Structure formats: C-alpha cells, structure tokens
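Chemist: Turn this into a model:
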Amino acid sequence: MTTKTPPLSETDRPLRADARRNHERILESARVVFAQAGPDAQIDDVARHAGVGVGTVYRHFPTKEALLAELVRQKFRLFADRARDALAKDGEPFALIEGLIRRNAATAASDAGIQYALASAGEQAWTQAQAEQDELLAVTAELIERARRAGTIRPDVEATDIGMLMCGLCSTMGARPDFDWRRHLDLVIDVLRAG
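Modeler: Down below sits the predicted model:
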C-alpha cells in the first residue's frame, strides 16, 4: 500500500523568483496604501499600487487581515533580530534597552504603514503573528532581566510592557501635528528607568 504525501500548502512551498518578487512588491505597496488610506485601504488598492492583479494579491494574502499580519510579523522579526544584537553587546544593560527602543521607534516613525498595522491590526492578525511576537518577547525579557540584575530598570517591568508602550507610541506618530512622538518616547524611557 502506497501512502501519499500531503500537498504542501502555499505558505510551506518555497516561492519561485517571480512569485517572491510579487510577494515583496505587494508588502511594500501595502505599507504605502495603509499609510495613505488607513482602515479604508482595500486589497484592490494594494494590487493597483503593486502593479499586479488582485488575484495575485489574494494568492499571497487571502484577506486584508492576513496582509496586516505579515506586515506585523516582518516588524516583529526585525525587532527580535535587533534585540538579539543588543543582547550580544557589552554595555550598560539599560542603555542597550534604551538604544533598542529608540531605534525601533525611529523605524516605526519612518513607516506609516507599519504604524497603522501595529496600532490597528485586529485579533486575527495578532494571532497569526504570535510566534514572532513570542520570540521578540523572549529576547526582550532577557534584556530586561540583565538590566534588573544591574538595578537600572524598574523591577516591575515586563517584556509585554515594552510592547504596549511601543504600540502606544506608534499611535501618537502622525496622529496630530502637535503630538511629538519623540517627547512621548523620552517619557516612556524615563518611566522604565530605575530610581
């Protein structure tokens, strides 16, 4: 009796070069379209901006939430890589955390599409990005523990606090011209610091 290997799902298969290019073009276009239109952005708008058919977008991302989830996943992976880099460095532990937060905030400030994704992604998008979020939280927790042992971070700070503060910070970026996210960031960092 022969057993059949189950077919690979779309996400398990390695993408061909042209499909990979389309995938990246769709994600880049989604950042632009979400930045411009916010919740009114539609898959058709993303397809038009990317210069691909709407069917191509749906083949890669069956829903708008799936597209948002991928944007969130990408940023979590980037932020986790940066956190691992910070963990590998020598230096005062709180200064490493502060540098990481400032660098991630600057990245979010330069990408209005990501601001929208992080501030507006629904429950489904967050669930789809859970593995990447867990990885980011785990590495952040190691950085916090190092700063806690050095006595330079408030003893009650948890990794999830950093995530909540970053989401709050993203929601102030571009919200109103009189909102200064850099001042908000300075206040966030002061709140985290021990003593």
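Chemist: Name the residues that touch the helix-or-strand element of the chain with minimal mean pLDDT?
Modeler: When each helix and strand of the chain is scored by mean pLDDT, DSSP states H and E, helix 112-120 comes last, with a mean of 75. The contact list for helix 112-120, computed with Cβ atoms under 8 Å, 6 or more residues apart in numbering, reads 30-36, 38-39, 68, 71-72, 75, 107-109, 125, 166-167, 170-171, 173-174. All C-beta spots, glycine's among them, are computed from the backbone N, C-alpha and C.
Chemist: So which of those are in helices?
Modeler: 30-36, 68, 71-72, 75, 107-109, 125, 166-167, 170-171 (DSSP state H).
Chemist: how does this structure divide into domains?
Modeler: By the assignment in automatic domain parsing, the chain contains the domains 15-62, 65-192.
Chemist: how far out from the middle of the chain is the longest one?
Modeler: Think domain 65-192. In terms of Cα atoms, centre = their mean, to the nearest Å, the centre of domain 65-192 is found 8 Å from the chain centre.
Chemist: next one: the shortest one
Modeler: Domain 15-62 has its average C-alpha position 18 Å from the chain's average C-alpha position, going by Cα atoms, centre = their mean.
Chemist: Compute the mean per-residue pLDDT across it, please.
Modeler: Domain 15-62 comes out with an average pLDDT of 89.
Chemist: Need the domains of the chain in JSON lines (columns: mean neighbour count).
Modeler: Putting those into JSON lines (neighbours: other Cβ atoms under 10 Å) gives the following:
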{"stretch": "domain 15-62", "mean neighbour count": "16"}
{"stretch": "domain 65-192", "mean neighbour count": "17"}
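Chemist: And the one helix or strand residue 127 maps to, what does it pack against?
Modeler: Using DSSP states H and E, residue 127 sits within helix 123-128. Under the contact definition 3 or more Cβ pairs under 8 Å, 6 or more residues apart in numbering; DSSP states H and E, helix 123-128 sits against helix 64-88.
Chemist: Kindly recompute the last result at 10 Å.
Modeler: Judged by 3 or more Cβ pairs under 10 Å, 6 or more residues apart in numbering; DSSP states H and E, helix 123-128 is in contact with helix 64-88, helix 112-120.
Chemist: Quick one: residues contacting residue 125.
Modeler: Contact analysis of residue 125 by Cβ atoms under 10 Å, 6 or more residues apart in numbering lists 63-73, 117-118.
Chemist: Quick check: it vs residue 25, distance?
Modeler: Separation of residue 125 from residue 25 (Cβ to Cβ, to the nearest Å): 20 Å.
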